[in-house]
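Student: dropping a prediction and its sequence here:
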Amino acid sequence: MNQEPPQNQLNGAEASEPAVKQLTVSEATQMLGVDSFTVVSLIQRDKLLPSRSLTGEIVLTPGELAKLTQEGGQVLLKRKGQIVESVARGSTTRFTHGEREAYTPAFEAIQPELDELRQIQRQVRSFQQTIGKRRAGLSDASAIVTVEGIKWHAQALLLRLPKCAIFLCRHPTENEFAIVHLFPAESAYAIANGRDRILLRSANPHQLVCQYAAEARHTLRFMASNLVAKAQRVAWEQYLYLMMAPARLTVEEAAWLLGFSPHEIPILVAKGLLKPLGCPPANGPKYFATTTVAELRKNAQWLTRASDVIVEHWRFKNARKTDAGSRPMVAA
């Protein structure tokens with residue numbers, strides 16, 4: 001009689017693994033030495049058992065990655081970066097001002113991976129048409145890809161990924177074609193498992209390419225879903241910060257958020273780069289709107305100008321001290 005696995009072992013999570021030891025897809029790419037598309041493909045081919053964070057983002061345990069990076073029982077990978085902890089779920093479809101403020105950095109966080117996804121999507125759309133036009137006769141004048149001792153002839157490059165490549169290859173003696181995934185030779189995955197991996201085989205190259213295109217599109221949908229979950233996580237973190245932060249910031253708090261020293265804030269105020277709330281007296285305490293400071297800390301142009309103002313202020317002040325010290329003393 002089949003027994004269901006314990007709840008804490010579902011979705012690839014180990015019972016003995018602490019909840020905080022979960023790695024995102026981006027962190028997994030660094031540890032394996034491959035790209036996001038490859039990591040998601042390994043998940044779909046059951047080479048990696050993932051789980052989901054509370055926001056729905058794909059996460060993996062270090063133990064799962066270690067299974068793909070072992071050679072002779074020795075773990076080759078080393079942990080880089082910080083462990084990502086699970087966060088509370090939260091998202092909305094109709095944005096308030098605070099929510100818009102939260103989602104701006106969220107979209108910025110996924111922009112590189114989103115651009116990568118779109119580029120791969122364009123390649124998937126085009127390689128089917130390319131192979132379809134060439135199906136009458138595929139050239140043998142191509143590179144050699146050695147897999148399990150067999151020297152396959154690479155007929156076409158289907159996908160050029162950031163770190164990997166997918167080829168349509170032809171068997172040297174038999175009427176057989178294969179989709180081959182080529183990994184970077186220096187990657188932890190390739191060192192432990194070999195540089196080449198056959199994904200699909202068939203005697204019909206056109207049918208084979210169509211089958212892989214369907215799998216690639218499914219991988220892209222999987223990646224897109226994970227990017228949405230990642231954006232929601234970042235947005236929720238930002239939203240919580242904006243909701244929990246005080247509406248007003250002191251000089252010290254504003255200085256910390258902007259990356260300046262507290263004694264430099266009056267300089268920025270004097271130069272008109274930072275405006276305190278209300279009309280405080282010259283020697284009285286000053287407060288700054290949290291939303292305004294949050295906007296300025298994301299404005300690279302403002303930060304550059306503010307940094308130049310601080311440098312110029314101290315340069316002028318030091319020059320005055322130098323001039324004063326170099327003046328000859330007049331005898332009484």
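Tutor: Arrived safely. Residues are numbered from 1 along each chain as shown.
Student: CA atoms for contacts and neighbours, from now on please.
Tutor: Fine.
Student: do I have it right that A235 meets E108?
Tutor: No. Using C-alpha atoms under 8 Å, A235 is not in contact with E108; the gap is 10.4 Å.
Student: okay, the two: which has more neighbours?
Tutor: A235 (24 against 13; other C-alpha atoms under 10 Å).
Student: now do the helices in this protein.
Tutor: 25-32, 36-44, 62-67, 97-134, 188-193, 205-244, 251-258, 265-270, 290-296, 300-326 (DSSP state H).
Student: out of those helices, nearest to P50?
Tutor: helix 36-44 (6.9 Å; C-alpha to C-alpha).
Student: quick one: low-confidence ranges for the stretch 1-150 of the chain?
Tutor: Applying pLDDT under 70 to the stretch 1-150 of the chain flags residues 1-21, 70-104, 130-142.
Student: now tabulate the helices of the chain in CSV and tack on distance to C279.
Tutor: CSV is the format used below for the helices of the chain (distance: least, C-alpha to C-alpha, whole Å):
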stretch, distance to C279
helix 25-32, 47
helix 36-44, 52
helix 62-67, 55
helix 97-134, 26
helix 188-193, 60
helix 205-244, 25
helix 251-258, 15
helix 265-270, 12
helix 290-296, 17
helix 300-326, 22
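Student: so which of these is nearest P172?
Tutor: Closest among the helices of the chain, using C-alpha to C-alpha: helix 205-244, at 14.4 Å.
Student: that closest one to helix 25-32, inter-axis angle?
Tutor: Orientation check (axes from the mean of the first three to the mean of the last three C-alpha atoms, to 10 degrees): helix 205-244 against helix 25-32 gives 120 degrees.
Student: mind listing what's buried along helix 205-244?
Tutor: 205-206, 208-210, 212-213, 216, 219-220, 222-224, 226-240, 242 (16 or more other C-alpha atoms under 10 Å).
Student: ok now stretch 143-151, how far from the chain's centre?
Tutor: Here the centre of stretch 143-151 is set off from its chain's centre by 33 Å, with C-alpha atoms, centre = their mean, to the nearest Å.
Student: sorry, back to before: can you say which of the helices of the chain is nearest to A165?
Tutor: Comparing the helices of the chain under C-alpha to C-alpha, the one sitting nearest is helix 36-44, at 9.4 Å.
Student: what comes up buried for the lengthiest strand in the chain?
Tutor: With residue count as the measure and DSSP state E as the assignment, the chain has strand 150-160 as its longest strand. The neighbour-count check on strand 150-160 (16+ other C-alpha under 10 Å) flags 151-156, 158-159 as buried.
Student: any idea which of the residues you listed is closest to D46?
Tutor: L159 (21.1 Å).
Student: I'd say I198 and F183 touch.
Tutor: No. Counting by C-alpha under 8 Å, I198 does not reach F183; the two are 11.4 Å apart.
Student: okay, the two: which has more neighbours?
Tutor: Taking neighbours as other C-alpha under 10 Å, I198 and F183 compare with F183 leading, 25 against 16.
Student: surely V251 and T290 touch.
Tutor: No. Counting by C-alpha under 8 Å, V251 does not reach T290; the two are 11.4 Å apart.
Student: domain parsing for this structure?
Tutor: 12-92, 110-242, 246-323 (automatic domain parsing).
Student: ok so, going back, nearest to V145, out of the helices of the chain?
Tutor: Nearest to V145, of all the helices of the chain, is helix 188-193, at 14.2 Å by C-alpha to C-alpha.
Student: then the longest strand of the chain to CSV, C-alphas only?
Tutor: Output in CSV follows, covering the C-alpha atoms of strand 150-160 (Å, rounded to 0.1, in the frame of the first residue of the first chain):
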residue,chain,number,x,y,z
ILE,A,150,30.1,9.3,-30.1
LYS,A,151,31.1,12.2,-32.3
TRP,A,152,27.8,13.8,-33.3
HIS,A,153,27.8,16.4,-36.2
ALA,A,154,26.2,19.7,-35.1
GLN,A,155,23.7,20.7,-37.8
ALA,A,156,22.3,23.8,-36.3
LEU,A,157,22.6,26.1,-33.3
LEU,A,158,19.1,26.2,-31.9
LEU,A,159,19.6,28.4,-28.8
ARG,A,160,22.5,30.5,-27.8
